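Give me a 3D structure for the following:
(one chain, ligands or ions: 1)
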Amino acid sequence: MTFFKYQGTGNDFVMIDDRARTFPSADQALVAQLCHRHFGIGADGLILLQTAPDGALTMVYFNADGAEGSMCGNGGRCFVRFAHDLGLITDQARFMAVDGEHEAEVRGTDIHLRMSDVASLEHHTAFSFLNTGSPHVVQFEADVASLDVVAVGRPMRYAAQFSPGGTNINFVETQSDQTLFVRTYERGVEDETYSCGTGVTAAALVAHIQLNLSSPVAIRTLGGNLRVAFTAQPGGGFTSIYLIGPAQRVFEGEITV
Ligand SMILES: N[C@H](CCC[C@H](N)C(=O)O)C(=O)O
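Numbering: from 1, shown residues only. Purely as a prediction, here's the structure:
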């Protein structure tokens, strides 16, 4: 079976053209093994490109632990690049994902991906919590660069208040030029990843509310730069949310298992 490897700001994915529906997607151990960085190809997740009976492009996303995940923003950008590389879409696209339909646009090296609207956010003393397709805690920190993201993030990810599903945890710092620096502990990978698309989207929306940053918000992650554009609604929610940044094919190969 042929696979392709894609990355978007260092969030990396095994990508498989599964229009023939031959991939054994119920086999969690296989997905986890393919994503394993020592025993497999190595990736933060695995994505199947499928088509629905009506022809709609469909993204099926699995976390590195092998379980089907909620929405993945960087994975969505990589999915659009993959569909474009296969010649299945032109520069404008629509596809289905677990959280509904997404519009996207290919503009040179960047993919503009429309994310689900966000109706509401929860604000707690130390952090905010919201769902941008996946659940995210956004917590501002003074020195994100020297933070031990796994040591601080993992207990929050498993905290009783977020059970049973758990949450992703984003640590955010505002830089002097109003750019956000974001590091993320990712659920399903159970480690820090180089970038998390739904996570930086969550960080941008919270930064708009708490720090009055205007759209588009620029974000730096360990794996590169992203932008998040949005329209804030008078009632407190957000619409027309776009995650913008590069996504590219890295290599391809054959799975022989
Ligand atoms: N890396 C992904 C996040 C996936 C979230 C997933 N790990 C979960 O909530 O289980 C992104 O770019 O949005």
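
switch to C-alpha atoms for all contacts and neighbour counts from now on
Noted.

So the chain: which segments form each domain?
2-103+247-254, 122-246 (automatic domain parsing).

Could you dump those into CSV with distance to the ligand, mean neighbour count and mean pLDDT added?
Output for the domains of the chain, formatted as CSV (distance: least, CA to the nearest ligand atom, whole Å; neighbours: other CA atoms under 10 Å; pLDDT from 0 to 100):
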stretch, distance to the ligand, mean neighbour count, mean pLDDT
domain 2-103+247-254, 3, 19, 97
domain 122-246, 3, 19, 97
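
right, and those domains - which one's nearest H112?
domain 122-246 (4.5 Å; CA to CA).

so where do the helices sit in this protein?
Assigned by DSSP state H, the chain shows helices spanning 28-35, 73-85, 149-157, 197-211.

Now render these as JSON lines, adding distance to F13.
JSON lines is the format used below for the helices of the chain (distance: least, CA to CA, whole Å):
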{"stretch": "helix 28-35", "distance to F13": "8"}
{"stretch": "helix 73-85", "distance to F13": "7"}
{"stretch": "helix 149-157", "distance to F13": "21"}
{"stretch": "helix 197-211", "distance to F13": "13"}
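
among those, which is nearest D65?
helix 28-35 (4.9 Å).

Tell me which of the helices of the chain lies nearest to H136.
It is, among those and with distance given as CA to CA, helix 197-211, at 6.2 Å.

chain center to the closest one, what's the gap?
Distance of helix 197-211 from the chain centroid (CA atoms, centre = their mean, to the nearest Å) equals 13 Å.

What are the contacting residues of it?
Identification of contacts with helix 197-211 by CA atoms under 8 Å, 6 or more residues apart in numbering yields 71-75, 128, 130-134, 136, 138, 168-170, 172, 180, 182, 184, 213-215, 217, 219, 228, 238, 243.

Only the C-alpha atoms, please, for it, written as PDB.
The C-alpha trace of helix 197-211 is given here as PDB (Å, rounded to 0.1, in the frame of the first residue of the first chain):
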ATOM      1  CA  GLY A 197      -3.800  23.900  14.200                       C
ATOM      2  CA  THR A 198      -7.000  23.700  16.300                       C
ATOM      3  CA  GLY A 199      -4.800  24.700  19.200                       C
ATOM      4  CA  VAL A 200      -3.400  27.900  17.700                       C
ATOM      5  CA  THR A 201      -6.900  28.700  16.500                       C
ATOM      6  CA  ALA A 202      -8.100  28.500  20.100                       C
ATOM      7  CA  ALA A 203      -5.100  30.600  21.200                       C
ATOM      8  CA  ALA A 204      -5.900  33.300  18.700                       C
ATOM      9  CA  LEU A 205      -9.600  33.600  19.700                       C
ATOM     10  CA  VAL A 206      -8.700  33.800  23.400                       C
ATOM     11  CA  ALA A 207      -6.000  36.400  22.700                       C
ATOM     12  CA  HIS A 208      -8.600  38.500  20.800                       C
ATOM     13  CA  ILE A 209     -10.900  38.400  23.800                       C
ATOM     14  CA  GLN A 210      -8.300  38.900  26.500                       C
ATOM     15  CA  LEU A 211      -5.700  41.000  24.800                       C
END
